[in-house]
Every structure is written in structure tokens, then in C-alpha cells.
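Asker: Okay, sequence plus prediction incoming.
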Amino acid sequence: MDRVKNSMQQVPNAIPKVIRRTGGANSLELERENFERVQAVSINKAINTQEVAVKEKHARTCILGTHHEKGAHTFWAAVNRLPLSSNAVLCWKFCHVFHKLLRDGHPNVIKDSMRNKADLTDMSRMWGHLSEGYGKLCSIYLKLLITKMEFHIKNPRFPGNLQMSNRQLDEAGENDVNNFFQLTVEMFDYLECELNLFLGVFSSLDMSRSVSVTAAGQCRLAPLIQVILDCSHLYDYTVKLLFKLHSCLPADTLQGHRDRFQEQFKKLKSLFYRSSNLQYFKRLIQIPQLPENPPNFLRASALSEHISPVVVIPAESSSPESEHVVETDDLVDTDVPVLPAPVETKFDDLFGTSAAIDPFNFNSQNGMRKDDKDRLIEQLTREIQALKEELESFRLESGRLCQALRGRVNELEAELAEQSHLRLQAVGESEFLKAELDDLRRVREDTEKEQRSLTEIERKAQANEQRYTKLKEKYTELVQSHADLLRKNAEVTRQMTVARAAQDEVEAVRKEMQEKVKAAQEAADRQEREQLEHLQELQRELVSSRAELDSLKTSVASSQQSSEVLGTQLAALESEKAELVQSLSKVEAELAARGEELERVQSSLVTERESRVKSAETLQNQLNEKESREQALESQLAAARWASLQGAVEEAEKIIQDSLAQIDDPAHISCTSSADYLASRCQASLECMERLNSTRVAFLADNTGVSELVRAVTQSGHLVGDTIVQGSATSHMVPVEQADALSESVKVCGAEALALLGLMKQQDGLAAADSGKLKAALEAVLATAEKLRPQGLELQQGELGDLVEQEMAATSAAVESAAARIEEMLNNSRAVDTGIKMEVNERILASCTELMQAIKELILSSKDLQRDIVESGRGAASMKEFYAKNSRWTEGLISASKAVGWGATVMVDAADLVVQGKGKFEELMVCSHEIAASTAQLVAASKVKADKDSTKLHRLQQASRGVTQATAAVVASTKSGKSQIEETDTMDFSSMTLTQIKRQEMDAQVLVLELETRLQKERERLGELRKKHYELAGVAEGWGEDEEGTG
């Protein structure tokens, strides 16, 4: 309203002279023409040749225009008149504006623009011929825009700005994993084009200077804002789709997707980081930073850690109010300028009157001139129209913002629901983990209790051992004291023996006492319990000996009384008797002391024996308790062993059941394998069955060896399961009848394996578990695999081993024959040829002779290396058995040997023709190259099984280098000889006329074209021949089957 008042104040004395028109059609045409004129002005201002960034207000006017007319017809009508193919800057700014329209314009923009796809493709191809500057960037940008249009046409659910909620993303795939897979590939291609433009812009700028503050730099950087917005959404959707695919498909199938994502993740992270450091982007857009490491798609819970990158455009950089005010003023000032009347008249004189299209131009209708009032009315009318357009733009912008906000609200609601679901899932997982943690705590407490009880038992056993050691020491002391007593007793006995020597009666008593003491000593040594009885018996005998001594005394007294004749002798005897009595009294006193000492020892022995009996009873009780605990622990250990065995058996059952389930899985149909690989799996399974049977028998004999049985059960489960899977995969590569038979054999094998494992799960059935049926099933599968193996592998062991020796011998013979023929040709050439020809022939044949010698050395080195390989790898088997076991390697040797011998023969034939002047030098060079390739094949086949530190392998490599050098010498001598011979054929055109020379020139051009055409055809034929040779060699060597087996 202020502008209206100002306009009215500018024209004083305004007189209303307005004639209103009637008719809705004319007003609609006027509105349409005004709209097209405004759009054309905005498009021309946005897309021009000035190397500056596109102004946002002009681009926004173009966007609002698409919403106004619900399409892009006006835009393309204006653009088609621009010389986009002649100016790269103009084309670059067109791409920028078109990208904005695809993102923020009306949805019909994409459909309307597809009509111009062919023109855009041609323009991209044309600009692609330039290698630098805006030309290359325009080519990349046009490819991106074409890719964007094709993506949205194929996936109409995706809007141009790529803003979708998680629910809408799931609906785009229609719950079909194939659709999600294809959608992910298309997003990878889309993001790849975005990254190419990113890299192209950065590579075209000199980053060592502040290019982002210059007008030229901003012109190149401005479109990257749209690229950043697209990349943030594409990265987010790609991550979510990959997590969804990993939840439905195996990880190996998606290895290519993961590799491609890793590569694009690194590029996008680097580009985001470089962009965030540019001053130009800091005030226009907030670029998100990607995480340090890419998401781990193999861990499903990593999806909850993914944070969607959000690009934020600050409000001050794109304020709608300020932009619209500037836009309206600019449109009013630019589109409808207030010109004086003479200027308008001049314009009408030059370009014709506009009365037919201007409802307010009455100059030509009534011959009047416009006065100030009329011009004011026209100006006010135009301003009202501009205000209406501005209001409409406000309305469209508000509608777009509301739609964007509704989409964001829906997305946030979907994310909230997903987070709630993840929270509930996390709560369930936490409860499950808490239950597992409680179980682990209880198990740990039980283990700690058992550990403490075991420690207590060990401590008590150690205390018992210490007590036993002390008792043993005490017993040793007692034995020592007893030995001392015995020694003292022996001393007493010795003294008594001296006394008995004086008197026969005393001697007899002393001997008797000595014998009794000895008997007591022996009895004490034999048994400690009888010591007391022996001591009591000794006391009784001591009393009896005293009584006998008394009787002897009485007898002596009576003999003294009765014998008077022997008085003198008796006196002497009495004196001796007195002495003996004294000594006897001393002995009796000593015996009494020894008796008291024996009684004390006896009492101490009794008390010690009682204490030892009590301690022995205590130790016995403790030992009994320890044995009971050991028995309980042994029973627990046996239960744990059986539980571990049952767990291994159950795990093997699950593996085999899973393998049987894969047979009927539709996803398994694409898996293939080879009969050779299936036979190797069957052989390994049979060997494992033998080990399983032996470990089972050993476990039944001694249940402590459960670890070997567990390992055997686990390995057998894996091998039998692998055999089932590989058998099913092999059946996909054979005819239907054989495939059905093989599938049936594989299923029988799985059923027998499950039956065997079912018996092994029961303690009573473990002894009856026999692997004979399973072995028979595996042998049936093995026999089927042997029938399906390629025919080249059906040679017998002896035939294959003999064939190797025969081929190597034939190769040696062929090389020897070739060397002899070359020597013969050299002699013939020397006898016949002269001059340059003889020199050339001698040089070529000499190089061929050197090549034959090098090949001979190579064959000898290869034989030595093969002999070394066979000796080191065959073990107890024979050489022929080793060749048969390693049939692939053996066939490689045979093929390489044949190629070397054939190449030597062909080269000699070519050399013979060259020497005779009938052959071509090129044939000789080709033969040399072919021999080099054949020898390289022989070296590769020989060294594939050799030890890398082998001296014979080193010798073979040296011989291979010698063959390479000799081949190069043959080629060099051939080229040199060819050039020498060609130099002799000089071209003399001195005798020709101009017409003849022109004729020869035309013939030469025709010949050149014919030769070029023939050369192209021969190259194609050579490529086809090599391809066919590769296929035939692959079939003969079984390359494809090996790849399928490994796959």
C-alpha cells in the first residue's frame, strides 16, 4: 500500500480515464502472456554467460512458475532458445537451475523433462570431448541430471528432493527383497554420479587460493549445495536398505554391495569434510559430518547406532521475506519500467504496436495520448498483478513448507515408533541378558564353593601328611631308642658271657639268657605289638634264672660241705666264687635297672601305640571322607563329560539338519560345485568316520578321553554337512537323472548320519552305535561323484604316471631333434648362401640353437624339480600314485610339456622356411613368443607344488630366465635380419612418369586400406581363437569346475 500511495503522489491531478474491458478469455490470455514474460525474464537472468553464481531469487521464480503452471513447458520453451551448446558457462548455469527445478519444482517437471532426454544426452556427449574447464563439468552434470530423471521415473514414490520417511522407504520396496536389492544398486549409481560431480568441481579449482570468495569459484561451487542435499538422503537410505538386505540375504551375497558402499563412504566423508572448510558454504549450509568408521552391516544392532545425516540451511542465508521483497521490486523495476511517452512511441515504431495485447493501451484506439493518470493506472495494475503473483508465491511456498513439515512430522513419528520398537527389543534383550547373568553368577558361586571345598580337602590332606610325617619321625626316634636299648642289652650280654666263662653253670644260664634276649630282639623287629609279651617273657625268664642261680648257690654250698677233700681247691673256688658272687650281684643290679628301664620303655610304647592308633583312625576317617568326595567329583566330572559329548552330538545334528534343509531351499539352486570337489569331501568324511569309530571305542574303554571323541563328532558333523551341501550343489550341474540319484544318495547319507548321532546321544546306545551304514552311504556318494568326474581324470594310476614320463621324454626328444635340424640347416646355409643372406641365416640359426639349449636346460631342471616334489610329497605312496592323486597338477605338466615340444618343432619348420627364402620372419617371431609362453606354463606347473626355498626351484627359475633371454635374442636377430634384407630392396621411381606414380600411389592406398581391413579382421579372429583356446583349455584342465567347487 505504501508503494501505491507513493505512485499516486508522483502523479498530481490524476483524471480517471480507464475503459475496462470485458471478456474472460482476453484476461486469461493477458495473464498467461504476463506469466510467460516474467518467467522468460527470470530464466534469462538466471541462465546467462556471466561467470557468477545463480541468484536465488531468479531460481525461485522459476520454481514457483512450475508450480503455477503445474509443469515445465514454459521453462523448456525458454531454454530451447538459449545457445547451450556454444557456451559452457551458460550450460553450467542451466544445469544448476534445472537441478533446482527437479528438486523443488512441481512433480510434473520430471515427466515434462524426459522429452528432452535425448538432447541432454547429445549435449553431454558433446561437452565430454573437452578435457578441462566448464566443458568437462557440464558433461558430468548432464549425466547426473539424466540419471536423476531416470531414477525418479523408475521409482515414482521418491520425490524430487528425496525426502521420505522410513515407512515410505519400506513401501517403495513393496516388501520384496529383489526390489530392495535393485533399488540399492540404483542408489549406488545415483550416488556415484553425485560424487563424480563433487570430485570434478574440486579438481577444477585451485584449492591453494581462496577460490570460494571469488565470483568464478562461487559459480562452480553453487550447484554443490544441491549435490550435498541429495547425497545426505542417498547415504541415509543406502545404509537402511543394506541393513534390511543383510537381515534377508546371506552376507556373501552382499559382499559386492559392502565393497561399493565402503568406497563411496570414504569419498563422501572426504568431500563433506573438504566442503565444510570452505568459507562459501559456511554461511549458506551446515554440512553434516559422517562417522569415523562405516556401519557394520554384519551386526544387526548397529542399525540403532546409525544417525541420519541432516543438512541444515540457516534462516539468514535464505530468508523468504527478504527474497520475495527483493524479487518483487526487481520485477517491477525491470519488467515494467516507467518510460516517457516518446520512448514508448519509438518502441512502437520499431517493433509494432502492442494495443492488441495491452488492455490499457488506448493510443491506437481513440487517438489520444496517455496522460499521467493512465500511466498511473497501468502502473498500479501491474503492481497489483505483481502483488498477486507474490501472494500466490507466498501461498505456494507456505504450502510447500507445510508439506515438508508434514513429511518431517511423519518421518519423526516413524522414527519414534522405530525407536520405541528398538527400546522394547532392547528391554527384552536386557532381561534375557540379566537372566543369563544370574545363571552365570549361580554357576560361578557353585564353582567357587567346589573350589573352596577342594582347597579345604587339599589343606586337610596336607595337614594329614604333615601329621603323618611327624608320627613317622617319632616312630624313627622310638626305633632308634629301641636300637640303643638293644645295644645296651648286648653289652650286658657280653658281660654276662664273661661271667659264664668263669663258671659253667653261670655260662649255661648266660647263654640261655642271651638266646632269649636275641629272641626278644628278633620278635621286636618283626612286630611292635609283640614287644610287650616278649618283655614279659624276658622278665619271667629273668626270675627263673634268678631261681636257678639260687639253686646253683645251694648246690655249691652242699658241694662245699660234702667235699672236704677238695678243701684247698674249694677255698680257691670260694674266693673265686666270692668274686663271681660280687660280679653276679653287680649283674643282677644292672639287670634290675635294665628291667625298670624296660618297664618304662614298655609303658611309653603302650601310650605311644595308643596315640598312634587314634591318629591312624583319624587319618582313616579323613581318607574315607576324601575318597567319598573324590567319588562325588568323579561322578560330576563324568556327567560333565557326557554333557559335553551330548552337546557336540546335538551341534552335529543341527549342522546336518541345516545342510539337509539347504537342499530344498530355493536360494540354494544357484549354488554349484564340481564332482572332483565332492569326491574330496567324501574322502575326508570317510577318514573322519574311521577316527570317530576309534575314538568311540577308546571312550568306551576309558571315559576320560572324551575330548578326542567330542572333536571327532564335531569334525564329522561339519564334513558330512559339507558333503551334503556340495552334493546338492553338484546335482545342479549334471543331467536330471544323475542329479536325482545324487540328491537321493545325499539325503540317505544325511538320514544315516542323524540315526548314528541319535544313538550316540544315549549312554546305552553309544556302544551299539555303528558307523557302517553311514560309511556305505558316503561310499555311494563317492562312487556317484567318481562317475561324474571329467573324462580326463579317468586315467588309471599307472597310465597317468607313465603319461607324465612319456610326455617329458617326448618333449626332450623333440628339443633334441630340433637342435639337430637347426645344426644341419646351419651347415647347409653356410655351403649354399653368401653375403648378407648367409650372415642373416647364421645369426638366426645361432639364436635358435641357443634357444634350444636353454629349453633343454629348462626341461632338465623341471624334471629334477618334479622328482624332488614327488619324493617330498608322496610319503609311503609310489610315484604313480602321487601323480594320480594330484591329477590336476599332473595334467598341467602334461599339457605344458606337449606345448613346449610342439612349439620347438614348429619353430624349426619356420626357421627352415626362412633360411630357404620361402618363409616369413614374422612366423619365426611368433613361434619364439609361443615357445616362451609354453615354457612359462611349464615353469608355473612345475613350481606350483615346490618349496619356495628349494635350490632346484631356483635353478628352474634361472633356466626360465635363460629361455626368456634366448627368445628375445631370436626375435631381435629375426628383426635385424629382416631389416637388412629389406634394405637391399631399394625402391627406384626415377623412370616412372607422373601418371604412373599417381597410379602406383592409388594402388598403394588401396592396398593399405585392404591390409588395414584384413588386419582388423585378423585381430578379431585372433581374439576369438584365444577365447576358444582358453575355453577348451579350461574344459581340459577343469578350471571352471575348480571355481565352482570353491564357490
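Answerer: That came in fine, so what should we check first?
Asker: Now name the helix or strand holding the residue nearest to Lys761 when sequence neighbours are not counted.
Answerer: Excluding the flanking residues, the one nearest Lys761 by Cβ to Cβ, 6 or more residues apart in numbering is Val649, at 5.1 Å. For every residue, glycine as well, the C-beta is placed using N, CA and C. Here Val649 sits within helix 567-663, counting by DSSP states H and E.
Asker: In this structure Gln763 contacts Ala643, no?
Answerer: No - contact criterion Cβ atoms under 8 Å: Gln763 and Ala643 do not qualify, at 11.5 Å.
Asker: tell me, what's touching those two both at once?
Answerer: Taking Cβ atoms under 8 Å, 6 or more residues apart in numbering as the criterion, Gln763 and Ala643 do not both touch any residue.
Asker: If I follow the layout properly, Ala814 ends up in contact with Ala904?
Answerer: Yes - with contact defined as Cβ under 8 Å, Ala814 counts as touching Ala904 (5.3 Å).
Asker: what distance separates the start and the end of stretch 102-109?
Answerer: This stretch, stretch 102-109, spans 6 Å end to end (Cα to Cα, to the nearest Å).
Asker: That stretch: which residues count as buried?
Answerer: Leu102, Arg103, Asp104, Gly105, His106, Val109 (16 or more other Cβ atoms under 10 Å).
Asker: mean confidence for it?
Answerer: Averaged over stretch 102-109, pLDDT sits at 92.
Asker: got a list of contacts for it?
Answerer: Taking Cβ under 8 Å, 6+ apart as the rule, stretch 102-109 contacts 62-63, 66-67, 69-72, 75, 101, 110, 113, 145, 148-149, 152, 159-161, 226, 229-230, 400.
Asker: mind running it again at 6 Å?
Answerer: For stretch 102-109, the surrounding residues in contact (Cβ atoms under 6 Å, 6 or more residues apart in numbering) are Ile63, Thr66, His67, Lys70, Gly71, Ala72, Leu101, Lys148, Gly160, Asn161.
Asker: Let me know the secondary structure of the last one.
Answerer: Remark: Asn161 carries the secondary structure label coil [criterion: DSSP: H, G, I helix; E, B strand; the rest coil].
Asker: excluding its backbone neighbours, what's nearest it?
Answerer: Arg103 (4.8 Å).
Asker: Against Lys148, how distant is the one you found?
Answerer: 9 Å (Cβ to Cβ, to the nearest Å).
Asker: Dump the buried residues of stretch 102-109 to CSV, plus distance to Arg961 and secondary structure.
Answerer: Formatted as CSV, the buried residues of stretch 102-109 follow (distance: Cβ to Cβ, whole Å; DSSP: H, G, I helix; E, B strand; the rest coil):
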residue, distance to Arg961, secondary structure
Leu102, 61, helix
Arg103, 62, helix
Asp104, 67, helix
Gly105, 68, coil
His106, 71, coil
Val109, 67, helix
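Asker: Which one of these is nearest to Glu599?
Answerer: Glu599 lies nearest to Arg103 out of these, by Cβ to Cβ, at 122.1 Å.
Asker: From Arg406, how far off is the closest one?
Answerer: Distance of Arg103 to Arg406, computed by Cβ to Cβ: 18 Å.
Asker: now swap in Ala755 and tell me
Answerer: Applying Cβ to Cβ, the value for Ala755 to Arg406 is 63 Å.
Asker: Neighbour count: those two, which is higher?
Answerer: Taking neighbours as other Cβ atoms under 10 Å, Ala755 and Arg406 compare with Ala755 leading, 13 against 10.
Asker: in what helix or strand does the closest residue to the more buried one other than its chain neighbours lie?
Answerer: Nearest-residue entry for Ala755: Lys773, 7.4 Å, with adjacent residues in sequence omitted and distances by Cβ to Cβ, 6+ apart. Using DSSP H and E, Lys773 maps to helix 772-788.
Asker: so who does Asp947 touch?
Answerer: Per Cβ under 6 Å, 6+ apart, neighbours of Asp947: none.
Asker: can you tell me the helix or strand for it?
Answerer: Following DSSP H and E, there is no helix or strand that holds Asp947.
Asker: and it, how far is that from Arg442?
Answerer: Taking Cβ to Cβ, one finds Asp947 at 55 Å from Arg442.
Asker: before we move on, what about Glu477?
Answerer: From Glu477 over to Arg442 (counting by Cβ to Cβ), the distance is 52 Å.
Asker: Hey, what's the angle from the helix or strand hosting Glu378 to helix 567-663? Just curious.
Answerer: Using DSSP H and E, Glu378 falls within helix 372-502. With axes from the mean of the first three to the mean of the last three Cα atoms, to 10 degrees defining the directions, helix 372-502 sits at 160 degrees from helix 567-663.
Asker: Going forward, count from 38.
Answerer: Fine by me, first position is 38 from now on; the one you just mentioned is helix 409-539.
Asker: what packs against helix 409-539?
Answerer: Here helix 409-539 touches helix 93-106, helix 357-372, helix 541-563, helix 604-700, going by 3 or more Cβ pairs under 6 Å, 6 or more residues apart in numbering; DSSP states H and E.
Asker: Which one's more surrounded, Ala851 and Ala941?
Answerer: Per other Cβ under 10 Å, whichever of Ala851 and Ala941 has more neighbours is Ala941, with 28 against 22.
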